[in-house]
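Participant: no sequence on hand, only this structure:
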């Protein structure tokens, strides 16, 4: 693990279908296989599945939690950080990421996509819930999503 | 002015065309005419035009600024609050508003729309830049936008 | 009211004795009499007493609340802003103030004092709970506290 | 490394003397030796020395940075997270820590101490710059500081 490594955020809903869960897992796994650090919101659903994938791929997942307690963290995180910021933690995730991959997702996910785009970070969407936002890169598979995210990522 | 009054946020870009500027001004004016308090990001463009409209309508505009200095505020605000939070101030605007009106807008605007929707706040869009997001109320005129926002607003 | 006006934050505990309550009220009153805008944390205790003083002095009090709901605001605020930031809103108060007056106070108050000092804002303490922090200005009366705060305030 | 591990924040100035630098290094080293995760502000001075100590002790340091760029991080961090929050990131550090150790320190450090105390987290001070704050635990050596912090830490 290295500070010089890439940080790829995986954003998505705290509740999701088995199909989306599987996509998120594979995204997390592919991120770990490429030695990038996975960032996420630290909770359940897409966040937990991606973190589990990263763990199984031999990588590390960092969860940036909205609340004040580590007890809301999913069990697959290597690092769990309660922020107490509520939804403002979405801006922290967008700030800390070199690239963002949105999997399905709700309004919180959309805010993370928009905040990342505002900061000039590349955003890849997979099975995205919303109409396509100008500037995002659509992907068809987890592998394509991760490859796109990493190739577009600009180290800050 | 009363704490019991409604707070309507007007969100949009720091740079805009004369047409969008006029829409934003009229939105601000209509908000003031209905005795609601206008919230905005405090800077130029749509934020300044809406604040100017509120002032001309006899109301008050509150600007929630991203930086650490009041010098970045537009001159039409009654209250200007530097937060030092950067883009995380977008979550504060969404939190403090009872309803949000987006006029045209860039990625920052989209993030405010998404954060407000996440919090269950009504969001009205006018000349919106982005594909329509499920759950927002489209409006055709400033007056319609303000009337929709106020009628849907739920006091928190 | 003018954006060009001074913003003086009054910080202190959500619970306080009648003596401290009276001091806070008089600090708020004196701030309003000098046409400065009062900032506070928006809740009970010192925050409410200072806001009531500002209202009675013909001024305006702005409350920057930690939670997500306006219902936690005291009834004396002209503007009440739920931020959803939790204790991180203390940094917003310190950022938005041109000067800070601490009345008695707990750990949260101490954090606001420290954050304001870090930003180079003048800090005046009145009946302060803590050992004197280097760099703060102690005052003996509400009037002295407000006069010191305003004279030392540097417009940002 | 485990989410179930303790997170100990080391807070202090971005500039410090060689003596304070050595204390911070030893604090970081002792934290790592006890398998706790070190949190810090991610920058220079005490933050960098503690992170270097953690690295040399076989542990990991997580830096929670105030700015928007990873380039302000010190080179000893395992995880570096730019937040873009400015000084409000101090509240995030206090929130994410199970215990805090302050080494020397300036006003920012004092704010982190106060925010941690407000959240009910144990705070240990070593060569502290400020008058003793009620509720903190003074320590005489890095080892004593770390032992105190860990024994008092309450898992959240």
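Facilitator: It's in. Only a predicted model underlies this, so the values are computations on that prediction, with no experimental measurement involved.
Participant: could you pull out the helices in chain A for me?
Facilitator: Using DSSP state H, the helices found in chain A span residues A:18-33, A:46-56, A:89-96, A:107-118, A:142-152.
Participant: in CSV: these, plus mean pLDDT.
Facilitator: As requested, those are arranged in CSV below (pLDDT from 0 to 100):
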stretch, mean pLDDT
helix A:18-33, 98
helix A:46-56, 98
helix A:89-96, 98
helix A:107-118, 98
helix A:142-152, 97
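Participant: spatially nearest residue to residue A:108 (excluding sequence neighbours)?
Facilitator: Nearest residue to residue A:108 in three dimensions, chain neighbours excluded: residue B:118, at 4.9 Å (C-beta to C-beta, 6 or more residues apart in numbering or on different chains). Quick note: C-beta positions are derived from backbone N, CA and C, even for glycine.
Participant: burial measure for that neighbour, as a count.
Facilitator: Counted with other C-beta atoms under 10 Å in any protein chain shown, the neighbours of residue B:118 add up to 18.
Participant: now do the contacts for the residue nearest the centre of chain A.
Facilitator: In chain A, the residue lying closest to the centroid (C-alpha atoms, centre = their mean) is residue A:10, at 1.1 Å. The contact partners of residue A:10, by C-beta atoms under 8 Å, 6 or more residues apart in numbering or on different chains, come to A:24, A:27-28, A:31, A:38-40, A:46-47, A:50, A:100-101, A:103.
Participant: what about residue A:75, how many neighbours?
Facilitator: Neighbour count of residue A:75, defined by other C-beta under 10 Å: 12.
Participant: oops, could you answer that again for residue A:73 instead?
Facilitator: Residue A:73: 24 surrounding residues under other C-beta under 10 Å.
Participant: how about residue A:140?
Facilitator: For residue A:140, the count of nearby residues is 9 (other C-beta under 10 Å).
Participant: check residue A:14 too.
Facilitator: 16.
Participant: just give the closest residue to it, not the sequence neighbours.
Facilitator: Leaving out its chain neighbours, the residue that sits closest to residue A:14 by C-beta to C-beta, 6+ apart is residue A:45, at 4.2 Å.
Participant: circling back to that earlier point, do I have it right that the residue nearest to residue A:108 meets residue A:105?
Facilitator: No - using C-beta atoms under 8 Å as the test, residue B:118 is too far from residue A:105 to be in contact (11.0 Å).
Participant: need the residues touching each of the two.
Facilitator: By C-beta under 8 Å, 6+ apart, no residue touches both residue B:118 and residue A:105.
Participant: how close does residue A:109 sit to residue B:66?
Facilitator: Going from residue A:109 to residue B:66 by C-beta to C-beta, to the nearest Å gives 22 Å.
Participant: more neighbours: which of those two?
Facilitator: Remark: of residue A:109 and residue B:66, residue A:109 carries more neighbours, 27 against 21, as counted by other C-beta under 10 Å.
Participant: chain C contacts on chain A?
Facilitator: Contact residues (C-beta under 8 Å from any C-beta of the partner chain) of chain A with chain C: A:68, A:84-88.
Participant: residues from chain A in reach of chain B?
Facilitator: Looking at chain B, the residues of chain A close enough under C-beta under 8 Å from any C-beta are A:85-88, A:90-92, A:94-95, A:106-108, A:110-111, A:113-115, A:117-119, A:130-135.
Participant: buried subset of the residues you listed?
Facilitator: A:85-88, A:90-92, A:94-95, A:106-108, A:110-111, A:113-115, A:117-119, A:130, A:133 (16 or more other C-beta atoms under 10 Å in any protein chain shown).
Participant: correct me if wrong: residue A:115 contacts residue A:91.
Facilitator: Yes - assessed by C-beta under 8 Å, residue A:115 is found in contact with residue A:91 at 5.3 Å.
Participant: who touches both of those two?
Facilitator: Shared contacts of residue A:115 and residue A:91 (C-beta under 8 Å, 6+ apart): B:87, B:90, B:111.
Participant: so what's the residue lying closest to the first one once chain neighbours are set aside up against?
Facilitator: Spatially, and ignoring its direct neighbours in sequence, residue B:87 is nearest to residue A:91 (4.8 Å; C-beta to C-beta, 6+ apart). Shown in contact with residue A:91 (C-beta under 8 Å, 6+ apart): A:115, B:85-88, B:90-91, B:111, D:84-85.
Participant: measure residue A:47 to chain B for me?
Facilitator: In this view, residue A:47 and chain B are 15 Å apart by C-beta to the nearest C-beta, to the nearest Å.
Participant: and residue A:137, bridged to which residues?
Facilitator: residue A:124 (DSSP bridges).
Participant: contacts only, for it.
Facilitator: Residue A:137 neighbours (C-beta under 8 Å, 6+ apart): A:122-125, A:148-149, A:152.
Participant: looking at the residues you listed, which is nearest chain C?
Facilitator: Top of the list for closeness to chain C, among the contacts of residue A:137 and by C-beta to the nearest C-beta, is residue A:123 at 24.0 Å.
Participant: hang on, the closest one packs against residue A:135?
Facilitator: Yes - counting by C-beta under 8 Å, residue A:123 touches residue A:135, with 7.1 Å between them.
Participant: shared neighbours of the two, anything?
Facilitator: residue A:117.
Participant: that older thread, how about the contacts of residue A:91, which pair is most distant?
Facilitator: With C-beta to C-beta as the measure, no two of those lie farther apart than B:111 and D:85, at 15.5 Å.
Participant: got the residues of chain A near chain D?
Facilitator: Of all the residues in chain A, those lying near chain D are A:1, A:3, A:7, A:37, A:39, A:60, A:62, A:64, A:68-71, A:73, A:75, A:77-85, A:91-92, A:95-96, A:119, A:155-156, going by C-beta under 8 Å from any C-beta.
Participant: weed out the non-buried ones from these.
Facilitator: Counted by 16+ other C-beta under 10 Å, these give A:3, A:7, A:37, A:39, A:60, A:62, A:64, A:68, A:70, A:73, A:77-85, A:91-92, A:95-96, A:119, A:156 as buried.
Participant: which ones among those lie within strands?
Facilitator: A:7, A:37, A:39, A:62, A:64, A:79-82 (DSSP state E).
Participant: could you dump these to CSV with pLDDT?
Facilitator: Formatted as CSV, these follow (pLDDT from 0 to 100):
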residue, pLDDT
A:7, 98
A:37, 98
A:39, 98
A:62, 98
A:64, 98
A:79, 98
A:80, 98
A:81, 98
A:82, 98
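Participant: for those residues, which one is nearest chain B?
Facilitator: Lowest distance from chain B to these (C-beta to the nearest C-beta) belongs to residue A:64, with 12.0 Å.
Participant: so the closest one touches residue D:85, yeah?
Facilitator: No - look at residue A:64 against residue D:85 with C-beta under 8 Å: they stay out of range, at 11.6 Å.
Participant: what touches both of these two?
Facilitator: Both residue A:64 and residue D:85 are in contact with residue A:92, where contact means C-beta under 8 Å, 6+ apart.
Participant: pretty sure residue A:133 is in contact with residue B:131, am I right?
Facilitator: Yes - if you go by C-beta under 8 Å, residue A:133 and residue B:131 touch, sitting 7.4 Å apart.
Participant: contacts only, for residue A:23.
Facilitator: A:103-104, A:126-127, A:142.
Participant: can I get these in JSON lines with neighbour count?
Facilitator: Below are the contacts of residue A:23 laid out as JSON lines (neighbours: other C-beta atoms under 10 Å in any protein chain shown):
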{"residue": "A:103", "neighbour count": "32"}
{"residue": "A:104", "neighbour count": "23"}
{"residue": "A:126", "neighbour count": "27"}
{"residue": "A:127", "neighbour count": "20"}
{"residue": "A:142", "neighbour count": "25"}
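Participant: which pair of the residues you listed spans the longest distance?
Facilitator: Greatest spacing in the contacts of residue A:23, by C-beta to C-beta: A:104 and A:142 (12.3 Å).
Participant: anything in contact with each of those two?
Facilitator: Contacts common to residue A:104 and residue A:142, judged by C-beta under 8 Å, 6+ apart, are A:23, A:126.
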